[in-house]
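*Asks:* With the input below, show me the fold.
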Amino acid sequence: MNNRVAVIGDKDSITAFRAAGLEVFDATTAQEAEKLIKQLTDEHFAVIFITEQLAVGISDTLAKAKVKAYPAIIPIPNADGSNGYGMSGIKKDVEKAIGTDILFKED
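*Replies:* Predicted coordinates for the structure are as follows:
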C-alpha cells in the first residue's frame, strides 16, 4: 500500500481536489465509478473519496470493499450538496460498533 489518495466524481465536484494535490478521476455513471474503484484498489490507493451520488449506485461494491483495511472509501457530497448517504453509513457503522445510535439519536 502507498499513500496515494483519489477522488472519484463529476468534474464540477472534483476539480478543487486536484488543486489540493489529490488524484482525481472523472465518473458520471455507477459503472464508471465501479470500474475506477476496482482499478484504484488494484493500484493500492490508501484512500478513495467518492461522491455520494455515485456511491449510492455501487453500494454492493462498497460494502465488499469495506471488509478490507485498505483502501478506505469515503463518500462525500458533490457540488450540488449531500443526499445523506455518507452520514447514513457513519450512523450504521457506529450502531454496529457499539450497539446503539449515540450520534444521531432523534428525540
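*Asks:* Can you mark which positions in the least confident helix or strand in the chain by mean pLDDT are buried?
*Replies:* Using mean pLDDT, DSSP states H and E, helix 85-98 stands out as the lowest-scoring helix or strand of the chain, at a mean of 71. Judged by neighbour count (16 or more other Cβ atoms under 10 Å), helix 85-98 contains these buried residues: 85-86, 89, 91. No exception for glycine: its C-beta is placed from N, CA and C like everyone else's.
*Asks:* Check the spacing between A19 and V7 real quick.
*Replies:* From A19 across to V7, the span is 11 Å (Cβ to Cβ, to the nearest Å).
*Asks:* now, which of the buried residues of helix 85-98 sits nearest V47?
*Replies:* G86 (14.1 Å; Cβ to Cβ).
*Asks:* Chain neighbours aside, what residue packs nearest to the closest one?
*Replies:* Using Cβ to Cβ, 6 or more residues apart in numbering and skipping the chain neighbours, the partner closest in space to G86 is P75 (3.9 Å).
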